[in-house]
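>>> Just the structure for this:
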Amino acid sequence: MVFVMVAGLNLLAWLYLVLAHGGYWRMNLEYPPSVVDPASWPSVVAVVPARDEAAILPETLPALLNQEYPGYFRVVLVDDASTDGTGDLAKALAEGADHELTVVAGHGPPPGWTGKVAALAAGVTEAGAPEYLLFTDADILHPPGSVRALVRGAERGGRDMVSLMARLRTDSGWERAVVPAFVYFFAQLYPFSKVNRPGRTAAAAGGCVLVRRSVLAAAGGLARIGGALIDDVALAGLVKHGGGGRIWLGLSTEVRSLRRYPKLADLWDMVARSAYTQLRYSPALLAGTVLGLLLLYAVPPVATVVGFATGSSVFALLGAAAWLVMSASYLPMLHAYRLTAWWAPLLPGIALVYAGMTVDSAWRHLRGRGGAWKGRTAPDRV
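Numbers count the residues shown, from 1 in each chain. Model prediction:
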C-alpha cells in the first residue's frame, strides 16, 4: 500500500510539473518576440572573456566581428592570462573585419573573484559607456543578425536584459545523452516563463547576455557578483532584483556553442564544477536534491517494472503513467535538438547520472577542488 501511495504521489508530482510549473518543457521561446526595428540603434560593445581559446576563436570570433548591426558596435576580448597565444590570434583574426576589436590583457582574478567575472569586469571598464553590453563566451558562434535581433528584442520589449540559451553541440553519443537533459533540467529549475515575468525567479544563459549598461551600473555592477561561480544566474538576479530591470530568457537554434564535450568525463566536469555551488554548499540541500531526483525520476520505471513483475497492476499502471508523462515532457527538447524520441524514456537513467555529478561536485568541494576550471579553483561563494 505504501509503494502504491508513493507511485500515486509521483504521478501527481509529474502532472503538477507539466500542467502548472510555468510550461518549462514547451521549449518554444525563440528570439525575443519583436520584428519591429527601434527608431535608432543604440551603441553596443561585446565583451568576450577568453582563457586559452586559440583553438576555437577562428571559428567564432570572425562572426562576431562581422555582425550586420546598423549602430555602433565593437568587440572587447579579455585575454585572461592565456598561455596559447589567444590575444595575438584574436588581433590577427580582426584584420579587415567590419567592426573594431580591442584586446585587453588580463592577469587573473583578484582575491574573492572568479576568473570569468573578473575578465568581464575588465572588459566593461574598457568598453566605456555604450548603451548595451553583450557578454558572450569565446565558444559562441553568432549568426550575422544576432546582435541586431537581441537589441531589437530589448528595445521594442522594454527589457534591460535579454539572454539566449545557445544551442549546444550534440555530435557525440554522450553529448546526445547529457546535453538536452542539461537544458531540460535547467528549464525545470528556472522556468523561462517565470524568469520573464516579475517575481523572484531570475536566470540567464551566460554564453549570450545582452544587458543595459545603466541598469547594471545602478545595481552595483559586476563587483556585486565578483565571486559568483554561477555567474549568469547571479547576473540575472542582480539586474532583476538589484536594479529593478526587466529580463528575458529564451532558447536559440541559431546562436550555437561550438564547445566540444566528446567524453562523459568532459560533460561530468562541466556539471560537477558548479552543482554544489547551486546548492549553496549545503549538505542538507545536497541530500534533499539527490533524494528528490531519485523519487521524481527513478520511481516511475521502478514502479512499472516491479509492478508488472509482482502482478500489482495498480502499482505498475501508476508508474507507467508517470513515466509516460515524464517522457512526453522531454519530447519538445528532443525535437529542438533533432534527436529521436527513443531518448525520452531514458530520462530517468540520465537523471541518475546527474545525481552522481551532483554528489561528486560536493566531494570535490570537500577535497578543496570545488569550481576547478582551466587550472583555477573558484572561491566558495554563490
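
>>> Okay, now the unreliable bits of the stretch 251-382 of the chain?
The stretch 251-382 of the chain contains residues with pLDDT under 70 at 370-382.

>>> now do 50
Scanning the stretch 251-382 of the chain with the threshold set as pLDDT under 50 gives 381-382.

>>> Give the buried residues for whatever helix or strand Leu17 lives in.
Secondary structure assignment for Leu17, by DSSP states H and E: helix 2-20. Across helix 2-20, burial judged by 16 or more other C-beta atoms under 10 Å covers Phe3, Val6, Ala7, Gly8, Asn10, Leu11, Ala13, Trp14, Leu17, Val18. The way it works is simple: take the backbone N, C-alpha and C, and place the C-beta from them, glycine included.

>>> Report all helices and strands that the helix or strand following that helix contacts.
The first helix or strand that comes after helix 2-20 along the chain, using DSSP H and E, is strand 44-50. Packing partners of strand 44-50 (3 or more C-beta pairs under 8 Å, 6 or more residues apart in numbering; DSSP states H and E): helix 57-65, strand 73-80, helix 115-127, strand 132-136, helix 146-157.

>>> was I right about Val117 contacting Ala228?
Yes. With contacts counted by C-beta atoms under 8 Å, Val117 reaches Ala228, the gap being 6.0 Å.

>>> what mean pLDDT does stretch 176-183 have?
Stretch 176-183 shows a mean pLDDT of 96.

>>> Now it - C-alpha only, PDB.
Output of stretch 176-183 as PDB, limited to C-alpha atoms (Å, rounded to 0.1, in the frame of the first residue of the first chain):
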ATOM      1  CA  ARG A 176      23.200  13.500 -27.200                       C
ATOM      2  CA  ALA A 177      22.500  11.800 -23.900                       C
ATOM      3  CA  VAL A 178      23.500  14.500 -21.500                       C
ATOM      4  CA  VAL A 179      23.200  17.900 -23.200                       C
ATOM      5  CA  PRO A 180      19.500  18.100 -23.900                       C
ATOM      6  CA  ALA A 181      18.800  16.900 -20.400                       C
ATOM      7  CA  PHE A 182      21.100  19.600 -19.000                       C
ATOM      8  CA  VAL A 183      18.900  22.200 -20.700                       C
END
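
>>> Please work out how many residues are found near Thr310.
11 (other C-beta atoms under 10 Å).

>>> distance of it from Thr304?
11 Å (C-beta to C-beta, to the nearest Å).

>>> In a markdown table: the helices and strands packed on strand 44-50, plus mean pLDDT, distance to Leu346 and mean neighbour count.
Shown next, in a markdown table, are the helices and strands packed on strand 44-50 (pLDDT from 0 to 100; distance: least, C-beta to C-beta, whole Å; neighbours: other C-beta atoms under 10 Å):
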| stretch | mean pLDDT | distance to Leu346 | mean neighbour count |
| --- | --- | --- | --- |
| helix 57-65 | 98 | 31 | 19 |
| strand 73-80 | 97 | 38 | 26 |
| helix 115-127 | 95 | 32 | 22 |
| strand 132-136 | 98 | 32 | 26 |
| helix 146-157 | 92 | 33 | 22 |
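
>>> how about the helices in the stretch 151-300 of the chain?
173-189, 192-195, 213-218, 231-237, 264-272, 275-278, 283-293, 299-310 (DSSP state H, counting those that start in this stretch).

>>> buried ones in the fourth one?
Just to be clear, that refers to helix 231-237. Buried positions in helix 231-237, judged by neighbour count with 16+ other C-beta under 10 Å: Asp231, Asp232, Val233, Ala234, Leu235, Ala236, Gly237.

>>> Run through who's touching that helix.
With contacts defined as C-beta atoms under 8 Å, 6 or more residues apart in numbering, helix 231-237 is touched by 114, 116-117, 120, 135, 161, 163, 190, 195, 202-206, 209, 211, 222, 225, 228, 247, 249, 382.
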